[in-house]
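Undergrad: Predicted structure and sequence below. I'll ask about it afterward.
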Amino acid sequence: MFTKRKFPLTRLRRLRSKPFIRDMVRENILTGDDLIQPLFIKEDLKGTEVIPQMPGISRFGLDSIENEIEELANLGIKSVALFPVINPDKKDEFGTEAINQNNLICNAIEKIKNLVPEIIIISDVALDPYTSHGHDGILVDGYVDNDKTLDQLVKQSLALAESGADIIAPSDMMDGRIKLIRNALEEKDFKNIILLSYAAKYNSKFYGPFRSAVGSSSNLGKSTKAEYQMDVANSSEALHEVALDISEGADIVMVKPGMPYLDIISKVKETFNVPTFAYQVSGEYSMLKSAIENKWLEPEVMSESLLCFKRAGADAVLTYAAKEIIMELNK
Ligand code: PBG
């Protein structure tokens, strides 16, 4: 006869009882390699300029960006995503400035690559920083024309590639753009340029502070991007989008926004098992940051939120907090 075992046999708290064992059984970690820093570069700006809607984040001039890049590289940030804030008088209905090989972003890429060649530059492909109406594409009778926009996006991609961008990231949500951009890059012998597709990009209000930062919100006015960005209510459609972009030649797929869309990240990773990035967008950043500044939340919520991206399946995260978090991780 054996003695009756005492309840409970399984104590999950055993593995939480001491730091050493918690460290040993931890399933996910956040490292500097996971962090991508988005940066805003403003034409004709000298020095920096704060962005009121994004606490702690500034726009940089072409003069001050060098310093920032060097600092980031020294901290261990491996990659930055660049966003242009161009002079309003350069915006037109076709986003013509986007394909100018001598535009702000192309100049910035060349400059940065000369200074810090090892920093990986991700460059967005979409027309919204360049259009007078603030849409990501070309309007025909008030509707963003998919195929006309594609021609422009291909030219924009080639200009970015010529300037030295390492990763080209179409964020426009036009159909078929990955295939055309990939073909154009192959034709011009840009064989190792990585295509990071904003594959599942939702029509989200969390982009508000970004649009203020790049100065596209006033152009867009009351108009929405619902005719091309995904419906927030949909999830199967995200898998369809991702499947297409992979088949068209995307190397990495991205889900955006991030935190309210962890379910999508998780499904994408489980379904396709390809490199999957997430974008902790401006509204998510500002929401956490303003609560931290008001002492309503502790600063650790930022790294907690980033670790949750890893747990959900993201391989890397674009986050405005990259610099401050890597400083924490380096301690
Ligand atoms: C532009 C673009 C947007 C963001 C990245 N690229 C805004 C939009 O689609 O309106 C949003 C990033 C953020 O909110 O941080 N196509």
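TA: All right, it came through fine.
Undergrad: Which neighbouring residues are in contact with Lys148, exactly?
TA: 137-138, 140 (C-beta atoms under 8 Å, 6 or more residues apart in numbering). To be clear about C-beta, it is placed using only N, CA and C from the backbone, and glycine gets the same treatment.
Undergrad: In ChimeraX, how would I select just the buried ones from these?
TA: The following ChimeraX line selects those of the contacts of Lys148 that are buried, judged by 16 or more other C-beta atoms under 10 Å:
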select :137,138
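Undergrad: could you point out which element follows whichever strand or helix holds Met287?
TA: Met287 is part of helix 282-293, with elements assigned from DSSP states H and E. Using DSSP H and E, the next helix or strand after helix 282-293 towards the C-terminus is helix 300-312.
Undergrad: Could you tell me the angle between that following helix and helix 282-293?
TA: 140 degrees (axes from the mean of the first three to the mean of the last three C-alpha atoms, to 10 degrees).
Undergrad: elements contacting helix 300-312?
TA: Counting contacts by 3 or more C-beta pairs under 8 Å, 6 or more residues apart in numbering; DSSP states H and E, helix 300-312 packs against helix 262-272, strand 276-280, helix 282-293, strand 316-319, helix 322-330.
Undergrad: so which of those gets nearest the ligand?
TA: helix 282-293 (3.4 Å; C-beta to the nearest ligand atom).
Undergrad: wait, does that closest one contact the ligand?
TA: Yes. Contact of helix 282-293 with the ligand (C-beta under 6 Å from any ligand atom) involves Ser282.
Undergrad: out of the contacts of Lys148, which are inside helices?
TA: Using DSSP state H, no member of those sits in helices.
Undergrad: Pick the one among the contacts of Lys148 closest to Ala213.
TA: Within those, distances to Ala213 taken as C-beta to C-beta reach their minimum at Gly137, with 20.6 Å.
Undergrad: List the residues that contact that closest one.
TA: Contacts of Gly137 by C-beta under 8 Å, 6+ apart are 126-127, 144-146, 148-149, 152-153, 172, 174, 228.
Undergrad: Same check on Ser303?
TA: 30, 325, 328.
Undergrad: Same check on Ala312?
TA: Per C-beta under 8 Å, 6+ apart, neighbours of Ala312: 262-263, 265-266, 269, 278.
Undergrad: Leu239 is in what secondary structure piece?
TA: Counting by DSSP H and E, Leu239 is found in helix 236-248.
Undergrad: ok, Glu270 - how many residues close by?
TA: 10 (other C-beta atoms under 10 Å).
Undergrad: Please apply the same query to Gly215.
TA: When neighbours are counted by other C-beta under 10 Å, Gly215 registers 19.
Undergrad: now it, nearest residue through space, not along the chain?
TA: Val85 (5.5 Å; C-beta to C-beta, 6 or more residues apart in numbering).
Undergrad: Touching, the one you found and Ser216? I think so.
TA: No. Here Val85 does not reach Ser216: they are 9.1 Å apart, not a contact under C-beta atoms under 8 Å.
Undergrad: hey, what's in contact with both of the two?
TA: Pro129.
Undergrad: Could you list which of the contacts of Ser303 also contact the ligand?
TA: Okay, of those, nothing touches the ligand (C-beta under 6 Å from any ligand atom).
Undergrad: Could you dump the residues you listed into a markdown table with neighbour count and pLDDT added?
TA: Formatted as a markdown table, these follow (neighbours: other C-beta atoms under 10 Å; pLDDT from 0 to 100):
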| residue | neighbour count | pLDDT |
| --- | --- | --- |
| Leu30 | 20 | 98 |
| Ile325 | 23 | 98 |
| Glu328 | 13 | 97 |
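Undergrad: Make CSV out of those residues and add distance to Lys256.
TA: Compiled in CSV, those are given as follows (distance: C-beta to C-beta, whole Å):
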residue, distance to Lys256
Leu30, 19
Ile325, 19
Glu328, 24
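Undergrad: lowest average confidence, helix or strand, in the protein?
TA: helix 217-220 (a mean of 89; mean pLDDT, DSSP states H and E).
Undergrad: Ala291: neighbour count?
TA: Neighbour tally, Ala291, other C-beta under 10 Å: 13.
Undergrad: Report pLDDT for it.
TA: Confidence at Ala291, expressed as pLDDT, is 98.
Undergrad: Spatially nearest residue to the residue of the stretch 1-150 of the chain found nearest the ligand, not counting backbone neighbours?
TA: As assessed by C-beta to the nearest ligand atom, the ligand sits closest to Ala126 within the stretch 1-150 of the chain, at 3.6 Å. Spatially, and ignoring its direct neighbours in sequence, Ala126 is nearest to Asp172 (3.9 Å; C-beta to C-beta, 6+ apart).
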